[in-house]
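In: how would this look folded up:
(one chain, ligands or ions: 1)
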Amino acid sequence: MEQHETKTLRLNDGNSMPRIGMGFYQVPEGEDFETSLKTGLQMGYRLIDTAAAYQNERSIGKAIHESGVKREEIFLTTKLWVQDYGFENAKRSIDGALKRLGLEYVDLLLLYRPAGDAIGAYRALEAAKKEGKIRSIGVCNHTTPQLTALMRETSVVPAVNQVECHPLQQQLKLRRELERHGIVLESWFPLGHGSKRLRLNETLGAIAEKHGKSLSQVILRWHLQEGFVVIPKSSNPGHMRENLDLFPSGFPTGTWRPSVRCMRTGISEGIQRTRKK
Ligand SMILES: NC(=O)c1ccc[n+]([C@@H]2O[C@H](COP(=O)([O-])OP(=O)(O)OC[C@H]3O[C@@H](n4cnc5c(N)ncnc54)[C@H](OP(=O)(O)O)[C@@H]3O)[C@@H](O)[C@H]2O)c1
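Out: You can find the predicted model right below:
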């Protein structure tokens, strides 16, 4: 079976990670949030992506407890923000996240970006992994030189690097380095955060029309074919269902991959959005 057909990936530390998840960036905690998360779990999602900075960890823990889905079936990722960096500070922040979540461990803990004493924070992740508070550890938004610097100073190779990635930002250089170390690329903004440039893209539109799939399905399928993990965000149950429906037999698997690869432009929706503010 080809890699993109499998529903989980084996990480470089031996743990398994689901390939399609739910992202919860800028989703305020509360009842609506909890209902949406429980709906996702009922549909079959098993990967949840949050961060201390999203301020919804309490709702995530509550919804997991109420969902009836066994904890061990769920893969939960959270992240430390820059203000949590430094060894002692990060140790306290990991305990704080576990307390807010009401859980004994998280499956993946990531550093949000390389800044400040990220090395000290990463060492705290390594220590918490040894103690069983975290199953896998990794980073976000690290370039090749930043990864090299981190790996020089620490002992556990990150299992995941979560970076902006979609057909307009394909991370071609970075992914070669990740492959060398067995680090999984997890795509944030997998649908370009609703980018018009992606929605109106003619290449993607033509592929979707030809195969009778939605544009989002084509984009998400592309991520899987490239070997990535995806965490699309949606508050719409119809979209959530569609985003999970990427594995039917007969779904075209790669005949159009070269046309998507040709359209790379290096456009970052994240940077575009920051510039607009
Ligand atoms: N590590 C980092 O630095 C970092 C940075 C940013 C984000 N992230 C993570 O990445 C996750 C995903 O990013 P994101 O949140 O905004 O961007 P995204 O998943 O690329 O795009 C979300 C947008 O796509 C729409 N959408 C989703 N499924 C759709 C479908 N099937 N058809 C049509 N529209 C669809 C959603 O609208 P509807 O609600 O209407 O479906 C929403 O407007 C975040 O939630 C977060 O967990 C990480």
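
In: Next up, phi/psi of residue 114, please.
Out: Backbone geometry at residue 114, expressed as degrees, to the nearest 10, gives phi -80, psi 110.

In: and if you look at the one 10 residues further on?
Out: Dihedral angles of residue 124 (phi, psi; degrees, to the nearest 10) stand at phi -70, psi -40.

In: who touches it in this structure?
Out: Contacts for residue 124 (C-beta atoms under 8 Å, 6 or more residues apart in numbering) come out as 87, 88, 89, 90, 91, 94. To be clear about C-beta, it is placed using only N, CA and C from the backbone, and glycine gets the same treatment.

In: Quick one: buried ones out of the residues you listed?
Out: Burial by neighbour count, 16 or more other C-beta atoms under 10 Å: within the contacts of residue 124 this picks out 87, 89, 90, 91, 94.

In: Which residue ranges of the stretch 51-200 of the chain form strands?
Out: For the stretch 51-200 of the chain, strands defined by DSSP state E, counting those that start in this stretch occupy the ranges 75-80, 106-111, 134-140, 160-164, 184-188.

In: and the residue of this structure nearest the ligand?
Out: Across the chain, the shortest distance to the ligand (C-beta to the nearest ligand atom) belongs to residue 23, at 2.4 Å.

In: right, and that residue touches residue 232 too?
Out: Yes: counting by C-beta atoms under 8 Å, residue 23 touches residue 232, with 6.3 Å between them.

In: where's residue 106 relative to residue 181, distance?
Out: From residue 106 across to residue 181, the span is 22 Å (C-beta to C-beta, to the nearest Å).

In: If you count surrounding residues, which of the two has more?
Out: A count of neighbours by other C-beta atoms under 10 Å puts residue 106 above the other of residue 106 and residue 181, at 25 against 14.

In: Show me the longest helix that occurs in this protein.
Out: Ranked by residue count and defined by DSSP state H, the top helix of the chain is helix 87-101.

In: so how far is it off the chain centroid?
Out: Put simply, helix 87-101 sits 20 Å off its chain's centre (C-alpha atoms, centre = their mean, to the nearest Å).

In: mean confidence for it?
Out: Average pLDDT, helix 87-101: 98.

In: helices or strands next to that helix in the packing?
Out: Judged by 3 or more C-beta pairs under 8 Å, 6 or more residues apart in numbering; DSSP states H and E, the packing partners of helix 87-101 are helix 57-67, strand 75-80, strand 106-111, helix 118-130.

In: Can you check which of those gets nearest to residue 48?
Out: strand 75-80 (5.0 Å; C-beta to C-beta).
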